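Undergrad: for reference, the sequence and a predicted model appear below.
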Amino acid sequence: ELKRETMEFQAEVKQLLDIVINSLYTDREIFLRELVSNAADALEKIRYKSIAGEDIAGPELPLEITVEVNGGDKTLTISDTGIGMTREELVKNLGTIAHSGSKSFLRHLAETDRKDLNLIGQFGVGFYSAFMVAKKVRVLSRSYHSGEQGCEWISDGAGSYSVGPAEGLQRGTRIILELKDDAEKFASADNIKRIIKRYSNFVPFPIILGGERINTQQAIWVRNKNEIKEEEYAGFYKFISNTYDDALYRLHFSADAPLAINALLYVPGENLERFGFGKMEPGVSLYCRKVLIQQKAEWLLPDWLRFLKGVVDSEDIPINISRETMQDSTLVARLQKVITGRFLKFLDDQAKSDPGKYGEFWNKFGIFLKEGAASDYAHSKDLAPLLRFESSRSETGELISLNNYVERMKENQNSIYFINGPTREMIEAGPYLEAFRARDLEVIYTHEPVDDFVLTRLGEYKGKKFVSADQADVELPELEDKEQHDSGGLDGQELQNLTAWIKQTLNGRVSEVRASKRLLDSPAMLINLNGGMTSSMQRLMQAVNK
Ligand code: ADP
Ligand code: MG
């Protein structure tokens, strides 16, 4: 017989709970969204197991979420008939943090005064938001494995919790919140109903309050586009992304061939990776006929599309496909190809029809497209026309595409020139542009080492080679007013003496000194003999190898 035990929370959980319990919040009601979404996850898992033919306890139980308020006791109870948790699972899931980004989330929380916990769900710690409103949380749970006993987990969030056996439970989980004195309003049925309608309307299981179902929306992605209102699309985005912001782009499509697909994809309003929250997890879930196969499916889309949120539903995917087989499945690879292709085509259309908005997208998410162009051979060609750069012809802040560049190339120009530097000002103050300026040749400005990897990886665009302006062997047409720029003065022997003297004086820091025909105003410049890598790439490699 198992006894009741008291256990310490993991250090990171303690830290999080300390913030959750002792801070002011911009929005406390999101705790309900987190608990309901956990209940829905647990129901998705049991539905999947039952369809896959696994043996489950309580097969006759309806799959639903029940919410009860008790104004007298000041309690709020959320129950589900989902997968449940064993004693070990309670300890692991509600006492530790598995998510890799949780440290940066903690740092972010610690740094802000009025805490916005809205992002909590994205960091795999949503459960703990219950302590914003509860002075004590009781979790009663019974796992779906027949033969498992019921368990109870209790905590006031102050450093420790206890677990022990519990009698008379059916499959699933019941969470009882003893509300804080200043959180009594969460024991009001009207208030709870409003919050559920606001955040949990799309939960694909009935949410029952006072005997009545309160969430009303059906799986939006399988419905006809023409029948879906803007508010429904916006509401669904908020539901799947756990945020308030509005999506930047939305793509809803269905296809019958080569695969039967219904997909609804969103580009979020913000890119969290820009704010140092670490690498995002993929955000698109895979369904088969409205049954969740895998939430935030890893192999569904290429890694560089991890910023997308949404749903892909395909009846061609077998319902019992496992995570492992997904990775190698040719079906999933085909699915990935179709969806990525559609999305890139969509971006191309957007860039043409509304360049201003595309510019906003580029500034926030362009880094992902660069990552794709540099690392994903299958898609780099389609990504190339979507890239944007500054150039010697663009205004500050204006961006050009490779098509813009190629269209206005000189008649006999065979290369696309680029030069890397931290800022426009530094590039334009340097010596490399002189020769190009004198010949009225446009030069693309790249500001990050990854840009040079992208262009080197692409190799060419529309048959024109990418050439870094700091390469030693850049071949440029003769200047028309050559006389004017002629070095004059030094003869062959003098020149040789001078370059030899410079090389000796620099004492091994350069491998060669040459007389240059490229320079017009500057006395000297460093060029790159190492044909394969631009200087900025070499600096990056040196930094990595240190
Ligand atoms: P996340 O949902 O992102 O994993 P949470 O902090 O919300 O993070 O929940 C932590 C874990 O606790 C979940 O992954 C799940 O395993 C477990 N859990 C929470 N609520 C339930 C529930 N109602 N039924 C079953 N398991 C649950
Ligand atoms: Mg959760």
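TA: Perfect, I can see it now. The model shown is predicted, which means the values in this text are computed figures rather than measured ones. Ligands and ions are numbered 1, 2, ... in the order given.
Undergrad: enumerate the residues of the stretch 101-250 of the chain near ligand 1.
TA: Residues of the stretch 101-250 of the chain lying close to ligand 1 (C-beta under 6 Å from any ligand atom) are 124, 125, 126, 127, 173. All C-beta spots, glycine's among them, are computed from the backbone N, C-alpha and C.
Undergrad: for ligand 2, state which of those residues is nearest.
TA: Of all those, residue 126 has the smallest distance to ligand 2: 3.5 Å, by C-beta to the ion.
Undergrad: my guess is the closest one contacts residue 38. True?
TA: Yes - using C-beta atoms under 8 Å, residue 126 makes contact with residue 38 at a distance of 6.6 Å.
Undergrad: any common contacting residues for those two?
TA: Contact criterion C-beta atoms under 8 Å, 6 or more residues apart in numbering; residues shared by residue 126 and residue 38: none found.
Undergrad: interface residues of this structure facing ligand 1?
TA: 34, 38-39, 41-42, 80, 82-83, 85, 93-94, 124-127, 173.
Undergrad: make a PyMOL selection of whichever of the residues you listed turn out to be buried.
TA: Buried members of the residues of the chain next to ligand 1, defined by 16 or more other C-beta atoms under 10 Å, are picked up in PyMOL with:
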select buried, resi 34+38+39+41+42+80+82+83+85+93+94+124+125+126+127+173
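Undergrad: what's the mean pLDDT across the helix or strand hosting residue 237?
TA: Assigned by DSSP states H and E, residue 237 belongs to helix 230-241. When pLDDT is averaged over helix 230-241, the result is 91.
Undergrad: do the same with stretch 513-521
TA: For stretch 513-521, the per-residue pLDDT averages 76.
Undergrad: about what we covered before: the helix holding residue 237 near ligand 2 at all?
TA: No - Helix 230-241 stays clear of ligand 2 (C-beta under 5 Å from the ion), getting no nearer than 12.9 Å.
Undergrad: how near is residue 397 to ligand 1?
TA: Between residue 397 and ligand 1 the distance, using C-beta to the nearest ligand atom, to the nearest Å, works out to 39 Å.
Undergrad: what does residue 286 give?
TA: 17 Å.
Undergrad: shouldn't residue 371 be within a helix?
TA: Yes - applying DSSP: H, G, I helix; E, B strand; the rest coil, one finds residue 371 inside a helix.
Undergrad: the residue nearest to it when sequence neighbours are not counted: neighbour count?
TA: Distance criterion C-beta to C-beta, 6 or more residues apart in numbering; nearest residue to residue 371, sequence neighbours excluded, is residue 304 at 4.4 Å. Using other C-beta atoms under 10 Å, residue 304 is surrounded by 20 other residues.
Undergrad: what's the answer for residue 332, then?
TA: The number of residues near residue 332, taken as other C-beta under 10 Å, comes to 20.
Undergrad: hang on, it packs against residue 299?
TA: Yes - here residue 332 reaches residue 299: they are 5.6 Å apart, a contact under C-beta under 8 Å.
Undergrad: verify the assumption that the residue nearest to residue 371 is located in a helix.
TA: Yes - looking at residue 304 with three-state DSSP, it is inside a helix.
Undergrad: you'd agree it is up against residue 372?
TA: Yes - when contacts are counted by C-beta under 8 Å, residue 304 is listed as touching residue 372 (3.8 Å).
Undergrad: and the residue nearest the centre of the chain, what does it touch?
TA: The centroid of the chain falls nearest to residue 307 when counting by C-alpha atoms, centre = their mean (3.1 Å). By C-beta under 8 Å, 6+ apart, residue 307 lies in contact with 267, 268, 271, 273, 280, 283, 365, 368.
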